[in-house]
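Q: got a sequence here, can you model it:
(chains A, B, C and D)
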There are 2 protein chains.
Amino acid sequence: MPRPRSLTPDQLASAALTVIDRDGLAGLSMRAVAQQVGMSTMALYRYIDDRGELERLVVEQVLGTVDTTPPATGGSWHHRIEVMVDRLRGVVGAHPWVVPLVIAHRHRSIGVLRWSETVAGIFAEAGLDGRRRVIALRCLLAYVIGAIQLEHLGPLVGAGTQAIADLPRTEFPHMAATAAHVHLVDADEEFHGGLTNLLRGMEV
Amino acid sequence: MPRPRSLTPDQLASAALTVIDRDGLAGLSMRAVAQQVGMSTMALYRYIDDRGELERLVVEQVLGTVDTTPPATGGSWHHRIEVMVDRLRGVVGAHPWVVPLVIAHRHRSIGVLRWSETVAGIFAEAGLDGRRRVIALRCLLAYVIGAIQLEHLGPLVGAGTQAIADLPRTEFPHMAATAAHVHLVDADEEFHGGLTNLLRGMEV
DNA sequence: CTCGTAGGCGTACAACATACGCTTACGATG
DNA sequence: CATCGTAAGCGTATGTTGTACGCCTACGAG
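A: Residues are numbered from 1 along each chain as shown, chains lettered A, B, ... in the order given. Below is the predicted model:
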């Protein structure tokens, strides 16, 4: 009966994501999003309660694109977990600016729940039950979250590593020695190497 | 020759930390900190360039209290790494509100560098070298960062778990089954269980 | 006593999220 | 076709934020 809505939540989320991808996370404001959708600032409040809900929509928009169908059985369960983790990492890595938002709002995302469900299923097939499975799920999530942040907020290569290499060798001998080997490891290798460590330790 | 300074960076950082511990991270503003130290807002800018530097001071204030002396040799290297990780987790856990700040500014903290130096030394003694040590260091850091966030921002017990338990069982059978076991694992167990997984997987 | 330096502060401004109330488009009903 | 209730859309206003700028003043060396 009343006037029909002219915007779907997806369109709103897409507009916000466009702003973020263009201007960075600091560029995300109600005004910027309103301009992106061609409305006035206050018109947005007909669709969301506050800025936090807009952020949640963006996170859902990103995480909702993760493929959560169980990978084909056949390979090892290690490999299947790797596939799931890579899917998540790939989607988030496509929008580096939203990483902090994903971190902040992940626990309200249905996408994460679906992803976790599939991962929990793989753990179950691997023979992990009860407490072991709880711990496996949580520590996998912890690793993935932490590693994605390290990758996008604390650059392995570049200024950070240079600063480490420039440390006084007498006080930081091991760090200096480690920094010398950093260029031998690219981001993918580092991520998968750490993941492999974790999965090996989970073996029953 | 000129007028002497009436504030040390530590006092400034302590004041900011007091504000955060009292009013939360959202309560941290230049005005609030100025009031805490008994100065006008703009007086703070004689000591710091901008808000970011204030946040960095807070992070350094927190991380600077981590004991980075190498633990007594004798036990396994697993145990020594655990000691180091527990020290870090203990300090950060004492100020849960600053977790996001620690995450954002950790790479500029001399405290983290000292901690990493000691950890790298333990890895070296354990026989991890070159690429293996790079990966071990980074993935340990990733796990610790992620786990601390999960612990303080995504509660294992409470509303989040209840929401998971209430999911439709047909669509989320494994999550529902897992949620039923969550109450058997407390935060410390979860954290150390995951850490043990990771360390086991690093074994040469 | 004087004076240059730098600490401290008052004012001002732009950007922000958002509460409130008005106007207007719409479609179901007469 | 005419009417009217509902909700979309928007204009204005408020309070808070970080911080640029310029003034006044406390201080110690000469």
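
Q: for chain A, longest helix please?
A: Secondary structure assigned by DSSP state H gives helix A:130-153 as the longest helix of chain A.

Q: which parts of the next helix or strand after it are buried?
A: Reading on from helix A:130-153 to the C-terminus, the next helix or strand found by DSSP states H and E is helix A:159-165. With burial defined by 16 or more other C-beta atoms under 10 Å in any protein chain shown, the residues of helix A:159-165 counted as buried are A:161, A:164-165. Bear in mind the C-beta positions are built from the backbone N, C-alpha and C, glycine included.

Q: between the residues you listed, which is nearest A:Val83?
A: A:Thr161 (29.9 Å; C-beta to C-beta).

Q: touching, that closest one and A:Ala179? I think so.
A: Yes - A:Thr161 is in contact with A:Ala179 according to C-beta atoms under 8 Å; the separation is 5.8 Å.

Q: what segments of chain A are helices?
A: With DSSP H as the criterion, chain A has helices at A:9-23, A:30-37, A:51-63, A:77-93, A:99-105, A:110-125, A:130-153, A:159-165, A:173-182, A:187-202.

Q: most packed of these?
A: Each of the helices of chain A was scored by mean neighbour count; the highest is helix A:130-153, a mean of 22, by mean count of other C-beta atoms under 10 Å in any protein chain shown.

Q: helices and strands around it, which ones?
A: Using 3 or more C-beta pairs under 8 Å, 6 or more residues apart in numbering or on different chains; DSSP states H and E as the contact definition, the elements that helix A:130-153 packs against are helix A:77-93, helix A:99-105, helix A:110-125, helix A:187-202, helix B:99-105, helix B:130-153, helix B:173-182, helix B:187-202.

Q: only C-alpha atoms, please: export the second one in CSV.
A: Spelled out, it's helix A:99-105. Coordinates of each C-alpha in helix A:99-105 appear next as CSV, following Å, rounded to 0.1, in the frame of the first residue of the first chain:
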residue,chain,number,x,y,z
VAL,A,99,39.5,-6.4,6.9
PRO,A,100,39.0,-4.4,10.1
LEU,A,101,35.2,-4.4,9.5
VAL,A,102,35.2,-8.2,8.9
ILE,A,103,37.1,-8.7,12.1
ALA,A,104,34.7,-6.5,14.1
HIS,A,105,31.5,-7.9,12.8
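
Q: mind listing residues that contact that helix?
A: Surrounding helix A:99-105, the residues in contact under the criterion C-beta atoms under 8 Å, 6 or more residues apart in numbering or on different chains are A:25, A:55-56, A:58-59, A:62-63, A:92, A:145, A:148-149, A:152-153, B:149, B:153.

Q: which of the residues you listed lies closest to A:Met202?
A: Of all the contacts of helix A:99-105, the one with the least separation from A:Met202 (C-beta to C-beta) is A:Ile145, at 17.2 Å.

Q: can you pull the contacts of the closest one?
A: When the contact criterion is C-beta under 8 Å, 6+ apart, the partners of A:Ile145 are A:103, A:106, B:145-146, B:149-150.

Q: how close does A:Met1 sit to DNA strand D?
A: Distance check for A:Met1 against DNA strand D: by C-beta to the nearest atom of the strand, to the nearest Å, it reads 6 Å.

Q: lowest-confidence helix or strand of chain A?
A: Sorting the helices and strands of chain A by mean pLDDT, DSSP states H and E puts helix A:159-165 at the bottom, at a mean of 72.

Q: which elements pack onto it?
A: helix A:173-182.

Q: which residue lies nearest the spatial centre of chain A?
A: Nearest to the centroid of the C-alpha atoms of chain A, with distances taken as C-alpha atoms, centre = their mean, sits A:Val92, at 4.5 Å.

Q: would you confirm that it contacts A:Val58?
A: No - the pair formed by A:Val92 and A:Val58 falls short of the contact definition of C-beta under 8 Å, at 12.0 Å.

Q: who touches both of those two?
A: Listed contacts common to A:Val92 and A:Val58 are A:Val98; contacts here mean C-beta under 8 Å, 6+ apart.

Q: just how off-centre is stretch A:129-136 within its chain?
A: Here the centre of mass of C-alpha atoms in stretch A:129-136, compared against the chain's by C-alpha atoms, centre = their mean, to the nearest Å, lies 22 Å away.

Q: now do that stretch: everything it contacts.
A: Identification of contacts with stretch A:129-136 by C-beta under 8 Å, 6+ apart yields A:120, A:123-124, A:128, A:202, A:204, B:178, B:181-182, B:184-185, B:189-190, B:193-194, B:197.

Q: again with stretch A:68-87
A: For stretch A:68-87, with C-beta under 8 Å, 6+ apart as the criterion, the contacting residues are A:66-67, A:111, A:114-115, A:117-119, A:121-123, A:125-126, A:140, A:144, A:192, A:195-196, A:199.
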